[in-house]
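Asks: With the sequence up front, the predicted model follows.
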There are 2 protein chains.
Amino acid sequence: MASERKATADPARSLAILWRTREPTSRSAGQGLSVDRIVRAAIDIADAEGLDALTMRRVGEALGVGTMSVYTYVPGKAELVDVMIDTAYGEMPRSAVEGDWRARLERIARDNLALYQRHRWMLRAETTRPVLGPHLVAKYDHELGAVADIGLTDVEMDAVLTLVLGHVKSSARAASEVVDLEQETGMTDGQWWQSHAPWLETFLTADSYPTASRVGTAAGQQHGAAYGPEYAFEFGLQRVLDGISVVVAERAATP
Amino acid sequence: MASERKATADPARSLAILWRTREPTSRSAGQGLSVDRIVRAAIDIADAEGLDALTMRRVGEALGVGTMSVYTYVPGKAELVDVMIDTAYGEMPRSAVEGDWRARLERIARDNLALYQRHRWMLRAETTRPVLGPHLVAKYDHELGAVADIGLTDVEMDAVLTLVLGHVKSSARAASEVVDLEQETGMTDGQWWQSHAPWLETFLTADSYPTASRVGTAAGQQHGAAYGPEYAFEFGLQRVLDGISVVVAERAATP
DNA sequence: GCGGCCGACGTACGACGTACGACCGCGTTG
DNA sequence: CAACGCGGTCGTACGTCGTACGTCGGCCGC
């Protein structure tokens, strides 16, 4: 009974396309469909209109091809998304490894934030375990370079990277939600809070939740001033790096 | 054109149910359907079988009621999920605020981790901005208590909480993915890596990605030893708290 | 020149969320 | 006590999605 989960991509299937197990036949090499063209079209759609607009019919349409033709190259939608993700990783800059470890990690964090800003759909697509595509591996290898040779164990290096990237994703998600809300309601985040303020005050009175209302208001005013998610990203990043520096210093002291 | 996004709940609609704007009529008060019973049934389904199994037809079925009857109390599925989330927040323990700020924050992190472990569907449902339900507000107010009166500004208090909770969610997601994979494949995480090891080695050779393969192997062996996500959670939490302590110390030094 | 195979795709099925309007039984009103 | 209206119920149906299946046509190797 536990054989098939429909919502999930078959990892083996995804891996096969990701690593391009099948080389292009001479027949199709010229023009016509290909995994790359399909993925490119799918990413364009998702970038422009979000994951919900990404339909197999839509992909076929964008390529001037029947819906089912897409299935010749891609086993299913879930696997297509897996390839889209790995492709996006492949397009990231591999910033030169320079400066101390802190500058390098900061650089990596910003590169990843930019990735999520360019491809907001990734934040909703990566709910399942990331598939080990070639570009993800290359990215992992490159990013590990930032924390290599500073005295950490291998496991710690992995944990540090996981921590930083996790923070980036959290922040990116928060920022993306603000953009979503603005697109849906047609007003800025500040305007939204403003217009709902009286409504909120009827429930969220200062005497029922004193701390929440005070802090929420303060944070909301920062929002209104147009920097909210950005602040959370910067603040959190510095905190995380500060925390990491404690371990680094520890390891440097006792080799 | 920007009028309706199908995948998203209408915030106003969700808020109306969340704050129970409509009191139960005398008619329906006794037995019969209610928002609470519907939400309860929905949470049970999602807990047991995941978000994908949560269908409006399924909810009606579980309550011995026609599918469309559910829509009498809940305007749509998206809003139902919003209420489910807020209900789950309401069931969290409000651990007493004791110990220093670090112990309190740590406690909050563990309470939130436990929440996500009990309701794994929340990790997939919370992709859009959380709706300001009563229990979320109460939770926010309670958790702010852990960082109050330690010298931080209001905005910093909010940022600290966001940072810690973001880390918890990241870790919980990683842990949940491991569980998903085990349920789908029927093997443990360690077994999965073991069985795919030869496959991976054909591509991921040590000379193409030296760092990635070495560190990945090390991290993978930790996985095999059955603590991987737990380690990432603990390591990251301590780092985050270390980073926060820097600001706290700073603020304590210069009032 | 020809047979077979591979890429393309039209049709169709079974989900899903939910709009619509009909039913029915209760509480209220004359 | 009877008639009415309304709130709660739900069967049917529509549009959308992913995708299984079978067919067709043209190109490549012999």
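Replies: Perfect, I can see it now.

Asks: quick one: pLDDT of A:Ser34?
Replies: Predicted confidence (pLDDT) for A:Ser34: 89.

Asks: should've said A:Lys169
Replies: pLDDT, read off for A:Lys169, is 97.

Asks: Could you count how many residues lie near A:Thr205?
Replies: A:Thr205 has 11 neighbours, counted by other Cβ atoms under 10 Å in any protein chain shown. Every residue, glycine included, has its C-beta placed from N, CA and C.

Asks: Same check on A:Ile108?
Replies: 23.

Asks: anything in the helix or strand in which it is found near chain B?
Replies: Following DSSP states H and E, one finds A:Ile108 within helix A:101-118. No - looking at helix A:101-118 against chain B by Cβ under 8 Å from any Cβ of the partner chain, there are no contacts, and the closest approach is 11.9 Å.

Asks: Quick check: buried residues in that helix?
Replies: Residues of helix A:101-118 classed as buried: A:101-102, A:104-109, A:111-113, A:115-116 (neighbour count, 16 or more other Cβ atoms under 10 Å in any protein chain shown).

Asks: Output the contacting helices and strands for it.
Replies: helix A:122-125, helix A:154-185, helix A:229-253 (3 or more Cβ pairs under 8 Å, 6 or more residues apart in numbering or on different chains; DSSP states H and E).

Asks: Is it possible to get CSV of those that adds distance to B:Met84?
Replies: Shown next, in CSV, are those (distance: least, Cβ to Cβ, whole Å):
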stretch, distance to B:Met84
helix A:122-125, 19
helix A:154-185, 18
helix A:229-253, 25
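
Asks: The helix holding A:Ile108 vs helix A:154-185, what angle?
Replies: 30 degrees (axes from the mean of the first three to the mean of the last three Cα atoms, to 10 degrees).

Asks: what residues does whichever strand or helix holds A:His135 touch?
Replies: A:His135 is part of helix A:134-144 when elements are defined by DSSP H and E. Applying Cβ atoms under 8 Å, 6 or more residues apart in numbering or on different chains, the contact partners of helix A:134-144 are A:18-19, A:85-87, A:89-90, A:92, A:94, A:108, A:130, A:157-158, A:161, A:165, B:203-204, B:209-212, B:215-216.

Asks: Quick check: mean pLDDT of it?
Replies: On average, helix A:134-144 scores 92.

Asks: burial count for A:Met68?
Replies: 10.

Asks: Quick check: phi and psi at the residue nearest to A:Arg13 when sequence neighbours are not counted.
Replies: Nearest residue to A:Arg13, sequence neighbours excluded (Cβ to Cβ, 6 or more residues apart in numbering or on different chains): A:Pro75, at 4.8 Å. For A:Pro75, the backbone dihedrals are phi -70, psi -20 (criterion: degrees, to the nearest 10).

Asks: Quick one: residues contacting A:Pro75.
Replies: A:Asp10, A:Arg13, A:Ile17.

Asks: from those residues, which ones fall inside helices?
Replies: Under the assignment DSSP state H, those contribute A:Arg13, A:Ile17 to helices.

Asks: Name the member of the contacts of A:Pro75 with the most neighbours.
Replies: A:Ile17 (21 neighbours).

Asks: could you check the distance from that one over to A:Arg58?
Replies: According to Cβ to Cβ, to the nearest Å, A:Ile17 and A:Arg58 sit 20 Å apart.

Asks: For DNA strand D, what is the nearest residue in the stretch 101-250 of chain A?
Replies: Here the residue of the stretch 101-250 of chain A nearest DNA strand D is A:Ala125; by Cβ to the nearest atom of the strand that distance is 12.4 Å.

Asks: Determine the number of other residues adjacent to that residue.
Replies: Neighbour number of A:Ala125 under other Cβ under 10 Å is 20.

Asks: Identify the residues contacting it.
Replies: A:Leu51, A:Val81, A:Met84, A:Ile85.

Asks: want to try TSV for the residues you listed, with secondary structure, distance to DNA strand C and neighbour count as columns?
Replies: Below are the contacts of A:Ala125 laid out as TSV (DSSP: H, G, I helix; E, B strand; the rest coil; distance: Cβ to the nearest atom of the strand, whole Å; neighbours: other Cβ atoms under 10 Å in any protein chain shown):
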residue	secondary structure	distance to DNA strand C	neighbour count
A:Leu51	helix	16	17
A:Val81	helix	18	26
A:Met84	helix	19	24
A:Ile85	helix	23	24
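
Asks: And those, which two are furthest apart?
Replies: A:Leu51 and A:Ile85 (11.5 Å; Cβ to Cβ).

Asks: Show me where chain A dips below the pLDDT cut-off.
Replies: By pLDDT under 70, the weakly predicted segments of chain A are A:1-9, A:21-31, A:206, A:223-227, A:255.

Asks: looking at it, which residue lies furthest from center?
Replies: A:Asp207 (39.4 Å; Cα atoms, centre = their mean).

Asks: Which secondary structure state does that residue sit in?
Replies: coil (DSSP: H, G, I helix; E, B strand; the rest coil).

Asks: Tell me which residue in chain A sits closest to DNA strand C.
Replies: DNA strand C sits closest to A:Gly66 of chain A, with a gap of 2.7 Å, by Cβ to the nearest atom of the strand.
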